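In: any chance you could fold what I've pasted below:
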Amino acid sequence: MAKQLTIGIVAGEVSGDALGADFMHKMNALYPNIRWVGVGGTQMMQAGLHSIIDMNRLSVMGLVEVIKHLPDLFGAKKEILAQFARQKIDIFVGIDAPDFNLRLGKALQNQGIFRVQYVSPSVWAWRENRIHNIKMSCDLVLCLFPFELGVYQKHQHPAVCVGHHLLEKLHKDSRDLPHIRQEFISKHRDNFPTLAQIQDKLLCMMAGSRRSEITAILPILIQAMQQLDDGGTDFVLPVVSQEHAQLVQTMIDEQSPTLLPKIHIIYGGADALSISQQAMNASDAVVLASGTATLETLLLERPMVVVYKLNTLSYVLAKKLIKIPYVSLPNILSNEQIGEPIVPELIQQQANGDNIAWHIKTILDNPTKQTDKLASTCQKLRQDSHHNPAATVLQFFQQNMTGHHS
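Out: Residues are numbered from 1 along each chain as shown. Model prediction:
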């Protein structure tokens with residue numbers, strides 16, 4: 001029987017939980033005897049993780065927001081490291097959340113633990129000098145996108161493009177939209193009796209998966225919906241929990257109660273991610289906050305408008321540091337491939353109801369103008385991403401072990 005491996009794994013938010021669970025399943029399929037310890041959400045726990053602390057303690061976004069939570073983040077780091085020491089982990093895998101995970105990795109330096117950062121920090125976008133810290137904090141970086149490898153090759157640090165796990169799961173639905181929409185409505189008829197009446201157009205509006213994003217972005221989406229409400233348009237708003245559903249409902253009720261009959265708020269518990277994917281897939285177009293959801297929309301080849309709004313101080317700081325012209329993955333990828341952006345990005349002041357409504361109307365007049373470019377960007381991305389993350393980690397870990405013993 002294979003020697004037991006103890007793997008410490010830490011994810012800090014919902015998208016990291018999905019990525020972590022996918023990695024754990026792949027790893028368990030390749031290596032039969034693994035004990036998992038660390039931090040994750042529902043999906044990782046179902047895959048066999050013994051979770052040390054509540055993942056939500058690590059889900060903090062924005063420079064200013066993080067400062068408020070520092071004492072608790074330091075506490076969390078101490079608890080995790082103590083548990084790793086007790087369990088004598090062989091491998092540490094930090095899933096995304098680089099600010100937190102690279103600190104953990106650095107603290108594990110020189111302990112004979114093989115350290116992996118799964119999801120590259122955005123060194124290709126800003127603060128390239130962080131590469132020196134990355135080199136001290138991990139032994140291998142698993143990149144999601146081919147354009148990220150350049151900076152690691154330049155600084156001679158092991159990195160492999162494993163592709164995003166969504167590449168396997170999400171593909172364009174080749175059926176016609178009315179058919180997809182009808183199926184979506186039937187599936188959710190219990191929650192939403194009014195969904196049966198969608199006549200004309202369905203727009204998917206996504207304010208983000210964190211409370212802070214919803215309070216920043218939903219008011220702008222409500223303004224846009226007021227302008228797009230032409231009698232024949234319905235709106236679907238996927239959220240990650242009942243608590244967020246209530247928050248969204250309250251905000252709409254306060255800002256524009258007349259919209260409520262046209263708005264369908266849906267959430268799916270552990271199924272939250274696939275619910276939002278179903279909603280995007282059934283919609284004519286998607287308006288969403290920048291993030292992983294833009295990749296989902298790209299892979300489903302649905303037309304989109306991306307909005308992004310940070311607290312002013314965080315934005316001013318970020319703007320000074322960032323050296324790439326786009327914030328959304330579809331544009332970063334297409335810029336590498338075809339040298340131009342393919343989706344509208346509305347940032348800070350530009351992110352307002354008027355602009356969103358104008359862009360959505362433009363898209364609805366000629367959707368294929370955007371979808372053709374989304375399709376070619378997808379195709380290229382799939383060609384360039386083909387390594388199994390679990391096999392890659394095992395291979396490098398074993399090489400590392402023989403290197404240490406030789």
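
In: tell me which residues are up against stretch 142-150.
Out: 116-120, 124, 152, 159-164, 329, 332-333, 336, 381, 384-385, 389, 392-393 (C-beta atoms under 8 Å, 6 or more residues apart in numbering). Heads up, the C-betas are built off the backbone N, CA and C, glycines and all.

In: that stretch: which residues count as buried?
Out: Neighbour-count burial for stretch 142-150 flags 142, 143, 144, 145, 146, 147, 148, 149 (criterion: 16 or more other C-beta atoms under 10 Å).

In: coming back round to it: now, of the contacts of stretch 142-150, which are buried?
Out: 116-120, 124, 152, 159-164, 329, 332-333, 336, 381, 385, 389, 392-393.

In: spatially central residue for the chain, please.
Out: residue 292 (2.9 Å; C-alpha atoms, centre = their mean).

In: my read: it touches residue 17, true?
Out: No: look at residue 292 against residue 17 with C-beta atoms under 8 Å: they stay out of range, at 11.5 Å.

In: what is the burial count for residue 326?
Out: A count of nearby residues for residue 326, using other C-beta atoms under 10 Å, gives 20.

In: contacts only, for residue 81.
Out: 104, 107, 108.

In: quick one: the first one from residue 86, how far?
Out: Translated: residue 104. Using C-beta to C-beta, to the nearest Å, residue 104 is found at 15 Å from residue 86.

In: which one's more surrounded, the two?
Out: Comparing residue 104 with residue 86 by other C-beta under 10 Å, the one with more neighbours is residue 104, at 24 against 9.

In: so the more buried one sits right up against residue 95, yeah?
Out: No: in this structure residue 104 lies outside contact range of residue 95 using C-beta under 8 Å: 11.3 Å.

In: shared neighbours of those two, anything?
Out: Joint contacts of residue 104 and residue 95 (C-beta under 8 Å, 6+ apart) are residue 10.

In: on that earlier part again, among the contacts of residue 81, which are in helices?
Out: 104, 107 (DSSP state H).

In: which pLDDT value does the model give the closest residue to residue 28 other than its chain neighbours?
Out: Spatial nearest neighbour of residue 28, excluding adjacent residues (C-beta to C-beta, 6 or more residues apart in numbering): residue 34 at 6.1 Å. Note on residue 34: pLDDT of 97.

In: go ahead and confirm residue 34 touches residue 23.
Out: No: Residue 34 is not in contact with residue 23 according to C-beta under 8 Å; the separation is 11.2 Å.

In: out of those two, which sits in the more crowded spot?
Out: residue 23 (26 against 17).

In: quick one, phi/psi of the spatially closest residue to that one that is not a sequence neighbour?
Out: Nearest in space to residue 23, with sequence neighbours left out and distances taken as C-beta to C-beta, 6+ apart, is residue 389 at 5.5 Å. Backbone torsions for residue 389, taken as degrees, to the nearest 10, come to phi -60, psi -40.

In: what's in contact with the helix or strand hosting residue 401?
Out: Assessed by DSSP states H and E, residue 401 sits inside helix 389-405. Contacts with helix 389-405, where a contact means C-beta under 8 Å, 6+ apart, come from 23, 26-27, 29-31, 90-91, 93, 112, 114, 116, 118, 139-140, 142, 158, 160, 162, 165.

In: which of those are buried, as a PyMOL select command?
Out: Restricted to buried positions by 16+ other C-beta under 10 Å, the PyMOL selection for the contacts of helix 389-405 reads:
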select buried, resi 23+26+27+31+90+91+93+114+116+118+139+140+142+158+160+162+165
